[in-house]
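Chemist: Provide a 3D model corresponding to the input given below.
(chains A and B)
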Amino acid sequence: MSSLKRNDILALSEMDREEIDLILQTAESFREVSTREIKKVPALRGKTVVNLFFEPSTRTRTSFELAGKRLSADVINISSSGSSTAKGETLLDTARNIEAMSADFIIVRHASSGVPHFLARSLQSAVINAGDGANEHPSQGLLDLFTIKENKGTLEGLKVVIVGDILHGRVAHSDIHGLKKYGADIHLVGPPTLIPSGIEQWGVKVHYHLDQALSGADVIILLRLQLERQGGGYFPTLREYSQLYGLNRRRLALASSDVLVMHPGPINRGVEVTSEVADGLSSVILQQVSNGVAVRMALLFLLSGGKHV
Amino acid sequence: MSEQHKAILIQGARIIDPAHKRDEVGDVLVENGVIREIATSISRPEGSCRIIDAKGKVLTPGLIDLHCHVREPGFEYKETVATATASAAAGGFTSICCMPNTNPVNDNQSVTEFILEKAKTEGVVRVLPIGAITKGQKGQELAEIGELVKAGCVAISDDGLPVMNSQIMRQAMSYAKIFDVPVIDHCEDLNLTNNGVIFEGNVSTRLGLRGIPASSETVMVARDLSLAELTGARVHLAHISTAGSVHLIREAKRRGIVVTAETCPHYFSLTDEAVGCFNVNAKIKPPLAAERDRVEVLAGLADGTIDLIATDHAPHASDEKEQAMDCAPFGIIGLETALPLSLELVEKGVLTLPEVIQKLTSEPARVLGKDIGHLGIGGIADLTLIDLDVEWTVEAQEIISMSKNSPFIGRSMKGRVLSVIVGGKLIENPSLQKA
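Modeler: Below is the predicted model:
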């Protein structure tokens, strides 16, 4: 396989292993670009990338922006506070106006699940989902796969423990869909109030106690806890949450000795993870960020019709 | 002599009139707005009346929809009395009951009178308004129910803004007994719904959409059954969609509690799988539920736990529906597809044809306590003529309703309304002319 089967990147649930392999291989070859003194290749010269973000984001938006720029595309950032949506324009009208200015790529983040799918159905531009509601965050899922593969050499048969808010966790959803395609043994841990109904049917195991899930873990993916969930009745206090589900040195010792600790960021230090662990030898959190640029370069490149060589 | 007053002779139809247990081939003569004669063969001199050859067709009492949204006053960009009644005629309905969530809310006699005046001047079928239970549908103070009934309301309901406070609901039920009107409840615990978008289950998990648990309905069904027992009011439960609710109602009826219940064609035809990949036209309250719920709704229809079928026709403009799933309004249209979807129950062996017609005619009439929904000599001439055999596909451009928000667009249907007669006036199905 040398090109993608699709014009948009909406969800890992709809991609097959062959396509994901192609993206990861392409990302591998782009990673070197970011280490050059002149971090630029001309692959997307003359193309326009629009970051259309209806939710605040620093990491993902910057990562897509750098990915576009390192491929020589023109990149525009639009955030909802500064856009026409504040003036009552509909979502579709906003997107159609951007497309009318000949945007080749629209990278969209929205608090509502399904918005990228809705835009992809209505627009000619390539749409990349940069996170939709509690649905998916496919580029994050891909960079997580990339980071695990880079460190472990393989994705197959690994025991991966995903901890935290699975219910609102679009990163968890994309990670699960991606990892399942490689036969990983996936364990979800969190309070029952934050575990979505029927998720066991995805072929994952669910635990309410972190200690019970960690034994022999090869990878621990911590999810960011939206601090406003406190008060939503999902758990009593951040204090109790961190006692039950926070990763610390004692718990880390229950996992495999070469375990990877991952987090999509931004970290709530002392809630999901102690600083000691987040900054420790097992942590690959900053590697994830670096790899994110390469993975997003690969997505833009492949969607523009670029053939992997 | 105007078209309205000319006699109509319908010949050779299979006449199905569940209220009188009639199912036989014969002729019906309509004169001066009433049914003059029903017999095996009626002959009249040529030119004295309009003759409809109905051989091979089915003639029933005019269908009655106990639950729809006409949107006027206030939301005329979604639907009006004129377009809703035209849509009703196309679907075979000769009477429609409209919910009070207009703007202003139908919580006082002026709004009721406005709707009835519009119906008289612009409507083509009967419009029976349902008044609000509480002022502004706010769930706090009772509306002037006596005045609403006097002005022409046939029932009371806060529908989509259900009364959460059980004490106020108890008072409403007790008070409604003075006027002997049904209290219709949309059973939903808004706290359990918690801004949910679709049914809580595999599909909501797959799509990352907030789920509405089945308990959101069943908790309120349980409350209302208990209050029905306490107050002895005429309680009617709207659009039942879950297995748990069917079980509760079945048990309550077995214990002798007086209660009636409806479901809608989408709850026995679809499940949450219809949401597919964020299909906004499958976003409804209560939400399309799981297969086990659909199966139990069918069982409830078959054993009489669910008394009748209503549409919950809820038109919304396309620019309201075409947006993020979270933001799009709840509701789908249903007047023009209810009959063929209900006829599928006959093919599936769930109900007989007379039973389907009963749930669309005499049962809603019984809930309302109105002398309609049957073919009595000297009674109001509201009739529906159906071709059971015609196969057709739902096409957006052929929909008569002003709004096109239907999950059934593109679906093939069997059975279509040819015409309705409302108070002796013949209305050909407008969508057949549009096709």
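Chemist: residues from the stretch 151-300 of chain B in reach of chain A?
Modeler: Applying C-beta under 8 Å from any C-beta of the partner chain, one finds that the stretch 151-300 of chain B approaches chain A through B:200-202, B:204-211, B:213, B:277-278. Where C-beta positions appear, they are placed from N, C-alpha and C, glycine not excepted.
Chemist: ok, B:C49 to chain A distance?
Modeler: 54 Å (C-beta to the nearest C-beta, to the nearest Å).
Chemist: to clarify, my last question referred to B:I212.
Modeler: Applying C-beta to the nearest C-beta, the value for B:I212 to chain A is 11 Å.
Chemist: hang on, that residue packs against B:N195?
Modeler: No - shown here, B:I212 and B:N195 do not form a contact pair, counting by C-beta atoms under 8 Å, at 9.0 Å.
Chemist: neighbour count for the two, which is higher?
Modeler: A direct count of neighbours by other C-beta atoms under 10 Å in any protein chain shown for B:I212 and B:N195 places B:I212 higher, at 27 against 8.
Chemist: check contacts around that one.
Modeler: Shown in contact with B:I212 (C-beta atoms under 8 Å, 6 or more residues apart in numbering or on different chains): B:L192, B:T193, B:N194, B:G196, B:V197, B:I198, B:F199, B:E200, B:K285, B:P286, B:P287.
Chemist: also B:L116?
Modeler: By C-beta under 8 Å, 6+ apart, the contact list for B:L116 reads B:V127, B:P129, B:A151, B:G152.
Chemist: the last one against B:P129, yeah?
Modeler: Yes - look at B:G152 against B:P129 with C-beta under 8 Å: they come within range, at 6.1 Å.
Chemist: shaky segments in the stretch 1-150 of chain A?
Modeler: Residue ranges of the stretch 1-150 of chain A with pLDDT under 70: A:81-87.
Chemist: tell me the residues of it that contact chain B?
Modeler: Within the stretch 1-150 of chain A, the residues that sit near chain B (C-beta under 8 Å from any C-beta) are A:13, A:90-92, A:110-115, A:117-118, A:132-136.
Chemist: just the buried ones from those residues?
Modeler: A:13, A:90-92, A:110, A:112-115, A:117-118, A:132-136 (16 or more other C-beta atoms under 10 Å in any protein chain shown).
Chemist: now for those residues: which two are most distant?
Modeler: Across those, no pair lies farther apart than A:S13 and A:T90, at 27.1 Å, counting by C-beta to C-beta.
Chemist: show me which helix runs longest in the chain.
Modeler: The chain I'm using is chain A. Taking DSSP state H as the criterion, chain A has its longest helix at helix A:285-303.
Chemist: that's the other chain; I wanted chain B
Modeler: Longest helix in chain B by number of residues, with DSSP H as the criterion: helix B:215-231.
Chemist: distance from that helix to the middle of the chain?
Modeler: Its chain's C-alpha centre and that of helix B:215-231 lie 22 Å apart, by C-alpha atoms, centre = their mean, to the nearest Å.
Chemist: next SSE downstream of it?
Modeler: strand B:235-237 (DSSP states H and E).
Chemist: one step back: the contacts of B:I212 in helices, which ones?
Modeler: B:L192, B:T193.
Chemist: mind putting the contacts of B:I212 in JSON lines, pLDDT and neighbour count included?
Modeler: Shown next, in JSON lines, are the contacts of B:I212 (pLDDT from 0 to 100; neighbours: other C-beta atoms under 10 Å in any protein chain shown):
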{"residue": "B:L192", "pLDDT": "97", "neighbour count": "17"}
{"residue": "B:T193", "pLDDT": "97", "neighbour count": "21"}
{"residue": "B:N194", "pLDDT": "94", "neighbour count": "15"}
{"residue": "B:G196", "pLDDT": "97", "neighbour count": "18"}
{"residue": "B:V197", "pLDDT": "97", "neighbour count": "28"}
{"residue": "B:I198", "pLDDT": "98", "neighbour count": "27"}
{"residue": "B:F199", "pLDDT": "98", "neighbour count": "29"}
{"residue": "B:E200", "pLDDT": "97", "neighbour count": "27"}
{"residue": "B:K285", "pLDDT": "98", "neighbour count": "23"}
{"residue": "B:P286", "pLDDT": "98", "neighbour count": "25"}
{"residue": "B:P287", "pLDDT": "98", "neighbour count": "31"}
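Chemist: strands along the stretch 1-150 of chain B, start to end?
Modeler: Counting by DSSP state E, counting those that start in this stretch, the stretch 1-150 of chain B has strands at residues B:7-17, B:22-31, B:34-39, B:49-53, B:58-61, B:63-68, B:93-98, B:126-131.
Chemist: can you list the ones you listed in a markdown table and add mean pLDDT?
Modeler: As requested, the strands of the stretch 1-150 of chain B are exported to a markdown table (pLDDT from 0 to 100):
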| stretch | mean pLDDT |
| --- | --- |
| strand B:7-17 | 97 |
| strand B:22-31 | 97 |
| strand B:34-39 | 97 |
| strand B:49-53 | 95 |
| strand B:58-61 | 98 |
| strand B:63-68 | 98 |
| strand B:93-98 | 98 |
| strand B:126-131 | 98 |
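Chemist: need the ones you listed in CSV (columns: mean neighbour count).
Modeler: As requested, the strands of the stretch 1-150 of chain B are exported to CSV (neighbours: other C-beta atoms under 10 Å in any protein chain shown):
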stretch, mean neighbour count
strand B:7-17, 21
strand B:22-31, 18
strand B:34-39, 17
strand B:49-53, 16
strand B:58-61, 27
strand B:63-68, 29
strand B:93-98, 29
strand B:126-131, 25
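Chemist: the ones you listed: which one's closest to A:N77?
Modeler: Of all the strands of the stretch 1-150 of chain B, strand B:63-68 comes closest under C-beta to C-beta, at 46.6 Å.
Chemist: that concludes my questions; thank you for your assistance.
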